[in-house]
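[1] sequence isn't available, so here's the structure alone:
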């Protein structure tokens, strides 16, 4: 059963770009690309930050969107790519779900500009209807990911935040191969055991690709009843921090489970810009602190 | 950009089994399989039920595991396939994460038998370490999915529950093509807008594959503070039911956000068998009702 990890001569379809064994396969069909790896995409960016998780529904998109806003607010030219091709939620969260990608010359694609220095690209901007499913297999996704990097008029970016779908499949592998200047990966988890288990896989995945693990973010960490102020153990608390210590990777911080955060996403106004006088909000502060530790690690 | 939906002559790698256009492509390489679709897997099962969602983290695996238990408890010979290849959580939830798939003859794989009439197969049973990531592209997954169906000693099954990863990608497409006697799909969602949006895509996906939508399950529906008993609007409530009405598909029921459910998953004891004298638990009742509406729809 373990042989399924790599194609045999019988199962090989000659599709080397989609094959995990391409770098070491000596089948004659593989000679056209001796190293098997596709060339890096041409995009001007100083630091690419991948946001991923093992498990779905842990708040990857929320972290990505708010992180991109926080960086743009600090003055960095920031791009945000929503690579969740089957479930692109970033546009909904930012309230730009009706936007569409434009092209003035039929070649270069204009991203959706949210602010002067924050531009977004998502599969959602290409769908005819909001509920159109994207029924694509891996090789198709690879094509669109390259287009999102190369054919978009990003300008010169300081940071490019890439929001990935959960897991360690095609999208994650492809962006890791195609994107230049990858500063590393942020792993988002929630505190409960099943999420922690999956996040440790994501950490191993990043290490296997020889990329830096920028750190673990623990989302939905602890919950306080808004009525009686008692702490409720919905998803637990502290699992992400313990896991970071166990795996020997940085812990970037925890974000409380906050009703306003969910409402912000549903209303399409990012939490981090939603509050006025936000400085008193523990949730806002935790986002700011996470963003700061990232910038401290990566630099300008 | 929209051309990326289907390969052009230049991008075609001749890998017809992985191609969304295989059924209508007249490229000479496609003639070996005139219809382009792979043959159905050989497995003796009366009803295959796919459990899917648009968004991750909505409780698909929880629903799948408890549904399989409920069916087995009713006396049905039940199989459960965990098709979340990158994040297989079912074994952890069932407390069988240390089990391994065995083969007595090197050909037929023995599933992990949880009870006399409930057998489980998961990628987790094949991994050397709990945190080993599975870094596979789509075509590799197709091979293992066929093996999970054909090469496993399932016996004669009444029901086979298939827990899918979120989204409408390779795994969902492959199982829809390979599995025989698909009774239909159960779509799991949580009540908040972003999850509902993605679940409507999952419904469209199932319709496009010309499979029946058995119905929508709303998970994490409403939350009551265990201390002050006040209702807290964490993920909202009722979104799944409204969406089912809008889309004209059955609504199977809602499951409350229940701390015991999360704890049950972390402790590896399925919620539905965890409680003694469970009849008074609203969560248990809601599971039982959902299972009953499914059996009523599908039959024996």
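    Here it is on my side, so go on. Everything quoted here is computed from the prediction, not taken from an experiment. Numbers count the residues shown, from 1 in each chain, chains lettered A, B, ... in the order given.
[2] what's the neighbour count on residue A:126?
    Neighbourhood size, residue A:126 [other CB atoms under 10 Å in any protein chain shown]: 19. In short, each C-beta sits where N, CA and C put it, glycine included.
[3] now it: how far from residue B:172?
    For residue A:126, the distance to residue B:172 equals 20 Å [CB to CB, to the nearest Å].
[4] then residue A:116?
    Going from residue A:116 to residue B:172 by CB to CB gives 40 Å.
[5] more neighbours: those two, which one.
    Legend: neighbour count by other CB under 10 Å for residue A:116 and residue B:172, higher for residue B:172 (25 against 8).
[6] so residue A:261 belongs to a strand, correct?
    No. Residue A:261: not assigned to a strand; according to DSSP: H, G, I helix; E, B strand; the rest coil it is helix.
[7] in the stretch 101-250 of chain A, what residue spans correspond to strands?
    A:112-115, A:118-122, A:157-163, A:182-189, A:213-218, A:223-224, A:231-232 (DSSP state E, counting those that start in this stretch).
[8] please name the nearest non-neighbouring residue to the residue minimising distance to the centre of chain A.
    The centroid of chain A falls nearest to residue A:163 when counting by CA atoms, centre = their mean (2.1 Å). Spatial nearest neighbour of residue A:163, excluding adjacent residues (CB to CB, 6 or more residues apart in numbering or on different chains): residue A:64 at 3.7 Å.
[9] now that neighbour: which helix or strand?
    In this structure, residue A:64 sits in helix A:60-73 according to DSSP states H and E.
[10] show the subsequent helix or strand relative to that helix.
    Assigned by DSSP H and E, the successor of helix A:60-73 is strand A:78-82.
[11] for that next one, the averaged confidence score.
    Computed over strand A:78-82, the mean pLDDT rounds to 97.
[12] what distance separates it from the centre of its chain?
    9 Å (CA atoms, centre = their mean, to the nearest Å).
[13] other SSEs contacting the helix or strand of chain A with the lowest mean pLDDT?
    Counting by mean pLDDT, DSSP states H and E, the weakest-scoring helix or strand in chain A turns out to be helix A:271-274, with a mean of 70. Contact partners of helix A:271-274 among helices and strands, from 3 or more CB pairs under 8 Å, 6 or more residues apart in numbering or on different chains; DSSP states H and E: helix A:60-73, helix A:259-267, helix A:282-298.
[14] relative to strand A:157-163, how tilted is the first one?
    Orientation note: helix A:60-73 sits at an angle of 170 degrees relative to strand A:157-163 (axes from the mean of the first three to the mean of the last three CA atoms, to 10 degrees).
[15] so helix A:60-73 versus strand A:118-122, what angle?
    Going by the same axes, to 10 degrees, helix A:60-73 makes 150 degrees with strand A:118-122.
[16] off-centre distance for helix A:60-73?
    Distance, stretch centre to chain centre, for helix A:60-73: 10 Å (CA atoms, centre = their mean).
[17] same check on the shortest one?
    On the basis of CA atoms, centre = their mean, helix A:259-267 sits 19 Å off its chain's mean C-alpha point.
[18] what residues of that helix count as buried?
    A:261-266 (16 or more other CB atoms under 10 Å in any protein chain shown).
[19] please apply the same query to stretch A:225-232.
    A:225, A:232.
[20] from the rest of the structure, what touches it?
    A:222-224, A:259, B:225-228, B:230, B:232, B:259 (CB atoms under 8 Å, 6 or more residues apart in numbering or on different chains).
[21] ok so, going back, would you mind finding the most buried of the helices and strands packed on helix A:271-274?
    The highest mean neighbour count among the helices and strands packed on helix A:271-274, using mean count of other CB atoms under 10 Å in any protein chain shown, belongs to helix A:60-73: a mean of 25.
[22] picking that back up, tell me which of the helices and strands packed on helix A:271-274 lies nearest to residue A:190.
    helix A:60-73 (10.6 Å; CB to CB).
[23] got a list of what the closest residue to residue A:258 other than its chain neighbours touches?
    If you skip the residues right next to it in sequence, residue A:258 has residue A:283 as its closest partner in space, 4.4 Å away by CB to CB, 6+ apart. Contact partners of residue A:283, counting by CB under 8 Å, 6+ apart, are A:255-256, A:258, A:260-261, A:271.
[24] among those residues, which one has the lowest pLDDT?
    residue A:271 (75).
[25] what about that one, neighbour count?
    For residue A:271, the neighbour count with other CB under 10 Å is 25.
[26] for residue A:98, same thing?
    Counted with other CB under 10 Å, residue A:98 comes out at 9.
[27] check what pLDDT it gets.
    On the pLDDT scale, residue A:98 gets 91.
[28] could you do residue A:137 as well?
    pLDDT, residue A:137: 84.
[29] kindly report the same for residue A:30.
    56.
[30] kindly report the same for the one 10 residues further on.
    pLDDT, residue A:40: 93.
[31] do the same with residue A:90
    The confidence metric pLDDT takes the value 93 at residue A:90.
[32] could you pull up the residues touching it?
    Residues near residue A:90 by CB under 8 Å, 6+ apart: A:61, A:64-65, A:80, A:82, A:84, A:120, A:122, A:124, A:163.
[33] hmm, back to that, farthest-separated two in the contacts of stretch A:225-232?
    Longest span within these, CB to CB: A:222 and B:230, 18.0 Å.
[34] residue A:102: neighbouring residues, count only.
    12.
[35] how much space separates it from residue A:90?
    Computed as CB to CB, the residue A:102 to residue A:90 distance reads 18 Å.
[36] near chain B, which residues of the stretch 151-300 of chain A?
    The interface of the stretch 151-300 of chain A toward chain B, taken as CB under 8 Å from any CB of the partner chain, is made up of A:151, A:165-170, A:173, A:190, A:192-195, A:197-198, A:200-205, A:208, A:223, A:225-228, A:230, A:232-236, A:257, A:259, A:262, A:265-266.
[37] with that, I have no additional questions.
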